[in-house]
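Q: Structure for this input, please:
(2 chains)
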Number of protein chains: 2
Amino acid sequence: MLPHCSALLGGLLGTGILKQGNPLTVHYVMFLPAILGHGTPEQQAEWFGRAWNCEIIGTYAQTELGHGTFLRGLETTATYDERTKEFVLHSPTLTAYKWWPGGLAQTANYCVVMAQLFSKGQCHGIQPFIVQLRDEESHVPMKGITIGDIGNKLGMNGVNNGFLGFDHVRIPRKNMLMKNAKLLEDGTFVKPPSQALTYGTMMFVRVVICRDMAAYLSKAVTIAVRYSAVRRQSHINPDQPEVQVIDHLTQQYKLFPALAKSIIFKLTSDNLWDMYNQVTSELDKGDLERLPELHAIACCLKAITTADAAAGVELCRMACGGHGYMTCSNFYGTYGMVTAACTYEGENTVLLLQTARYLMKAWQQAQRGQELVPTVQYLARFLSSKNRRMDWDDSIGGIVRALQTVAAGKLRLAAEHIEQRQKRGATLEEATNQTSIELARTADAHCRAFLVQSGCEMIEKGCATASPELAKVLRTIYHLYAYDEALKSLGDLLRFTTISESDINRLQAKLEDALTELRPNAVGIVDSFDLPDDVLGSPLGAYDGNVYERLYEEAKKSPLNQEPVNQSFHMYLKPFMKSSL
Amino acid sequence: MLPHCSALLGGLLGTGILKQGNPLTVHYVMFLPAILGHGTPEQQAEWFGRAWNCEIIGTYAQTELGHGTFLRGLETTATYDERTKEFVLHSPTLTAYKWWPGGLAQTANYCVVMAQLFSKGQCHGIQPFIVQLRDEESHVPMKGITIGDIGNKLGMNGVNNGFLGFDHVRIPRKNMLMKNAKLLEDGTFVKPPSQALTYGTMMFVRVVICRDMAAYLSKAVTIAVRYSAVRRQSHINPDQPEVQVIDHLTQQYKLFPALAKSIIFKLTSDNLWDMYNQVTSELDKGDLERLPELHAIACCLKAITTADAAAGVELCRMACGGHGYMTCSNFYGTYGMVTAACTYEGENTVLLLQTARYLMKAWQQAQRGQELVPTVQYLARFLSSKNRRMDWDDSIGGIVRALQTVAAGKLRLAAEHIEQRQKRGATLEEATNQTSIELARTADAHCRAFLVQSGCEMIEKGCATASPELAKVLRTIYHLYAYDEALKSLGDLLRFTTISESDINRLQAKLEDALTELRPNAVGIVDSFDLPDDVLGSPLGAYDGNVYERLYEEAKKSPLNQEPVNQSFHMYLKPFMKSSL
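A: Numbers count the residues shown, from 1 in each chain, chains lettered A, B, ... in the order given. As a prediction, this is how the structure comes out:
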């Protein structure tokens, strides 16, 4: 994708211009990549150029009204008719209707449809098909195709998410994207050489999500930090003037960890991007070894960065009091974009359980003394400690090791509980479901240990070339992040390390010191994010700090302020008031 | 207030009819009570009857653009002019503009205005004044009064929150509400006999908020539980059909604690209501002793129930996946109402710090061996234990005592830290600010101990008259609540009690057992809330369970589906696609 396209679709400039999302995002982020990833050279020649030039606009239809996460449950069928060499696309039930694709309702005239392929009476699983949805001249839906808008949503209302039903719609055989799996003319199905290839796009999308989460969070933090420097409330010392609300320690504790997270998430997405490129280049050489590891870390990073960013945006909003509740403050729009990401591209709990499944395998490898890939090497260290609680040490390295020990300790317990449940008669799957709360938490702990390690390493790398003054600020940022994560995991640290009561008090004091140290630099740091007012889109966060003037100007624009007395007074209110009820 | 008014304004029927809030709520909940609470008999005679009959409609203007929580910072002035026996109301700055009062923008023609009273060159603090805002016939704003709508908000868009500026507006002396403080004709200020009287309304409103939070949460839980019983996703055992999502343990862990909370919050608000009435009747006899205790518990209960209800509604929404993100699912509207309550009527962090201030006083009383009021009697027990960690015991009574011990332990630490900081040279106020993270958490712990105790006692009371089968279900509900709260406080329990690794595993198993026990009754319990479909207002939660048909019907109503090709295609999209960009 060209850089300017990427910018227009991304979390900063993109949502600065189109606050409720872009109807072409799915065209660029999923339709075009699907043609590249699943299409043969002939298919790419037929569709990619036209799509790239926007002569046709596509979307990607996978999720159905009745199924999202569980792909095997999708109901749309594509049945091969050997006689005519066509596929018949059909929605056998209402729940088979495609539901959610962006741009589907109004914008797209083509679509990649994921459907259950049937040929010779056999199902060959989900395959991608290109389907023309609307006439290229009139935009009227093609015969047998029902399209509509799914209605208003919490956010992303510029995306025209749509629904799509098929009533025996025929498409030629060449419209099945056959770079991987194939269907021969006679209806013979040919399996793809490797399933692994399809992981690539999913992981790419998750890297993009992590990066976007960092961007959205940096917007919310910028708005809240600037507002908190303008807003004054209460005295700290009674004989002095009201203080900036950012001087209240509780306010710093809301804003600064979110500030640190926005930086850590950005750097971790860069790190993940490097890992992705490395694994992809190994893949091209036929080496699949690190793919499951990358998949596992991408799953949990997507889950944790979306969940933490959503919580962070809300915390920033509420830190701005009532004014944060106003639409014009732009927290809510930002939240709509962020919280959506907790559900799409893999629901977060499901993703954590996928990471946990990988960790269970790694645990077995570790127990067998097999070599472990980098992100789970801490399991070997944990096993060698023979259940002794790890010695607490509040350096950053010590905190990383402690969080890894927590993840390993939880993993051991989850594995034991699954085994116990199996011994009591449960199947492995039942036992796994019965242990799923612990498994999800294990993946969460694994991810947080990775984030602290990766984030701190990435910042420390940057410190090498920074001035001593800047390096000091950068280190305070990752220290704060590490202390905050450690204190939030306190119960687990107490279980799996030797952390003592005085260690806890010391750690709390270190966190508070980090907040105080960041205070004088907070506005400078968010200014360094260099987000223009148009991207922030919030009277609370503008660079000039004229919060109140801007709020008032914004209010005056309300359509309800265009006449001194609204007609509803004469129509309803006055008769009601005069009715002597 | 008459019961039907209360129902129309409340969280269930009220928001069933007016999803974005009622423009008359402030008239009923604040304007009328303000006349009763602050008006003399003559003033009540003049305004209450007309207001009660809705011949005039009022609002209550306290918050300003520049000040909310910190009342002493309000800038609107009411200066007494001895010559004309009038007050001159004035907004000296833009930040002095009243901002947020419900019904102000369009509906109200009268208002109780809180302003800084000046007479004889002296300020006498914030006092209430009745001001006519609009002409009773034409509804045109009175001379010198600027009124407008503050703009769109995250929720409550039916409330017409407004702004209000005064340019030297004159009102007669009789318009100062003088039941408490008075201003004599010659400009002499007479203090009220007791400040305590004004606490009453604030506490009443907080009881109402707790009750509303329970109601909103019960709506969200009903929708999510019913949907989770209809929705199927994934196999647990591979040879069996896809299961209802409510059979996934992680889903139960999202929904059932929220279910328990909606019941516990309801019962606790009943409990608080009883306390309120008892204290009010003592007040009438001149006995103010329990007022600070009630104030302290009401503050933290408002903070915790609003915060937990907001988190619970969001958890329920996200447990419904993508469909929960649709506006028609009605989670978002519900969230808008709930999250607003985290900010209004006392911002939550500020309220927790108020409770903490009370606890600090109680701590000093406890140390001096003075008698303690019921909600803080646990401090004496804690002190008598001489810093020994409490013996863990996982009965409900044991959990309550453990949570109380946690609150007391945190309180002791916070008190010590304040003292240490003072010794290092900080003023008491600075030391308190520097310890405010710990203080807020102490109040949080105090409140959670109260909720578990009060909620479990209230349910146990109900069990006495219930059938054994029903009592069993009711007990599972409060057990789940207590186990969940205990496990969420695990770090603190490890610090302040003897809870061991095997105790933790046992507690986790008990929580999981409670979830499994609740599973067969979950739909029955939410059905017993007896919320009609019109109140739930969600295709996901309707009693008949026809989720998909209702979602589709809802989508078809979208204005974007009224024509097969939107005009934007011809105007913008087609020219763009044909432009060979």
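Q: C-alpha from now on. contacts and neighbour counts both.
A: Will do.
Q: In chain A, what residue lies closest to chain B?
A: Closest to chain B within chain A is A:G491: 3.3 Å, counting by C-alpha to the nearest C-alpha.
Q: Can you tell me the element that residue falls in?
A: helix A:490-496 (DSSP states H and E).
Q: Can I get that helix in CSV? Just the C-alpha atoms.
A: Provided in CSV are the C-alpha atoms of helix A:490-496 (Å, rounded to 0.1, in the frame of the first residue of the first chain):
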residue,chain,number,x,y,z
LEU,A,490,0.8,-8.0,43.0
GLY,A,491,-1.2,-11.0,44.0
ASP,A,492,0.7,-13.1,41.5
LEU,A,493,4.0,-11.7,42.5
LEU,A,494,3.2,-12.6,46.1
ARG,A,495,2.4,-16.2,45.0
PHE,A,496,5.4,-16.8,42.8
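Q: Need the contact partners of that helix.
A: A:389-390, A:402-403, A:405-406, A:409, A:486, A:499-500, B:489-492, B:494, B:501 (C-alpha atoms under 8 Å, 6 or more residues apart in numbering or on different chains).
Q: Which one of those is nearest to B:V243?
A: Ranked by distance to B:V243 (C-alpha to C-alpha), these are led by A:G409 at 30.7 Å.
Q: Going by neighbour count, list what's buried in the helix or strand where that closest one lies.
A: Using DSSP H and E, A:G409 maps to helix A:396-423. For helix A:396-423, burial by neighbour count (16 or more other C-alpha atoms under 10 Å in any protein chain shown) applies to A:396, A:399-415, A:417-419, A:421-422.
Q: After that helix, heading C-terminal, what element do we hit next?
A: helix A:428-434.
Q: quick one on the thing from earlier: and the residue of chain A closest to chain B, how many neighbours?
A: Neighbour count of A:G491, defined by other C-alpha atoms under 10 Å in any protein chain shown: 20.
Q: what's the distance between it and B:I499?
A: 11 Å (C-alpha to C-alpha, to the nearest Å).
Q: joint contacts of the two?
A: In contact with both A:G491 and B:I499: no residue, using C-alpha under 8 Å, 6+ apart.
Q: how deep is the residue lying closest to A:H417 once chain neighbours are set aside tucked in, by neighbour count?
A: Of all residues not flanking A:H417 in the chain, A:T435 sits nearest, at 6.8 Å (C-alpha to C-alpha, 6 or more residues apart in numbering or on different chains). Neighbour count of A:T435, defined by other C-alpha under 10 Å: 22.
Q: In whichever strand or helix holds A:R550, which residues are buried?
A: Element membership for A:R550 (DSSP H and E) is helix A:547-556. Buried residues in helix A:547-556, counted by 16+ other C-alpha under 10 Å: A:547-548, A:550-552, A:554-556.
Q: what helices or strands is it leaning on?
A: If contacts are counted by 3 or more C-alpha pairs under 8 Å, 6 or more residues apart in numbering or on different chains; DSSP states H and E, helix A:547-556 sits against strand B:145-149.
Q: burial count for A:G200?
A: Counted with other C-alpha under 10 Å, A:G200 comes out at 17.
Q: and A:A51, what is it in contact with?
A: A:32, A:57-58.
Q: got a winner among the residues you listed for most neighbours?
A: Neighbour counts for the contacts of A:A51, by other C-alpha under 10 Å, peak at A:G58, which reaches 29 neighbours.
Q: Now do the domain split for chain A, please.
A: A:1-185, A:203-371+A:392-423+A:431-524 (the TED database).
Q: End to end on the longest one, go ahead and measure it.
A: In this case it means domain A:203-371+A:392-423+A:431-524. End-to-end distance of domain A:203-371+A:392-423+A:431-524 (C-alpha to C-alpha): 34 Å.
Q: For it, the averaged confidence score.
A: Averaging pLDDT along domain A:203-371+A:392-423+A:431-524 yields 95.
Q: again, but for stretch A:28-44
A: For stretch A:28-44, mean pLDDT rounds to 92.
Q: and the end-to-end length of that stretch?
A: One end of stretch A:28-44 sits 15 Å from the other (C-alpha to C-alpha).
Q: just stretch A:71-88 next, same as before
A: Start to finish, the residues bounding stretch A:71-88 are 20 Å apart (C-alpha to C-alpha).
Q: on that earlier part again, which helices and strands sit right next to the helix holding A:G409?
A: Against helix A:396-423 (3+ C-alpha pairs under 8 Å, 6+ apart) you get helix A:348-367, helix A:378-384, helix A:428-434, helix A:436-463, helix A:468-488, helix A:490-496.
Q: Same list, those helices, but as JSON lines with distance to A:T76 please.
A: Below are those laid out as JSON lines (distance: least, C-alpha to C-alpha, whole Å):
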{"stretch": "helix A:348-367", "distance to A:T76": "23"}
{"stretch": "helix A:378-384", "distance to A:T76": "43"}
{"stretch": "helix A:428-434", "distance to A:T76": "27"}
{"stretch": "helix A:436-463", "distance to A:T76": "30"}
{"stretch": "helix A:468-488", "distance to A:T76": "44"}
{"stretch": "helix A:490-496", "distance to A:T76": "45"}
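Q: With B:L36 as the reference, name the closest of those.
A: Nearest to B:L36 among these is helix A:468-488 (47.1 Å), distances taken as C-alpha to C-alpha.
Q: Now do that closest one: which elements does it pack against?
A: Against helix A:468-488 (3+ C-alpha pairs under 8 Å, 6+ apart) you get helix A:249-284, helix A:396-423, helix A:436-463, helix A:501-518.
Q: if we can go back for a sec, and the gap between the residue of chain A closest to chain B and B:L493?
A: Taking C-alpha to C-alpha, one finds A:G491 at 8 Å from B:L493.
Q: Likewise for A:H248?
A: Separation of A:H248 from B:L493 (C-alpha to C-alpha): 28 Å.
Q: What of A:A482?
A: 23 Å.
Q: again, but for A:E563
A: As defined by C-alpha to C-alpha, A:E563 lies at a distance of 60 Å from B:L493.
Q: what do you get for A:N160?
A: Taking C-alpha to C-alpha, one finds A:N160 at 49 Å from B:L493.
Q: what's the answer for A:F48, then?
A: 60 Å.
Q: again, but for A:Q364
A: 32 Å.
Q: Compare these two (neighbour count), which wins?
A: B:L493 (24 against 13).
Q: any idea how far the more buried one is from B:I504?
A: Taking C-alpha to C-alpha, one finds B:L493 at 10 Å from B:I504.
Q: How about A:R173?
A: The gap separating A:R173 from B:I504 is 59 Å, by C-alpha to C-alpha.
Q: what's the answer for A:H38, then?
A: Relative to B:I504, and taking C-alpha to C-alpha, A:H38 is found at 49 Å.
Q: again with A:I130
A: Counting by C-alpha to C-alpha, the gap between A:I130 and B:I504 amounts to 54 Å.
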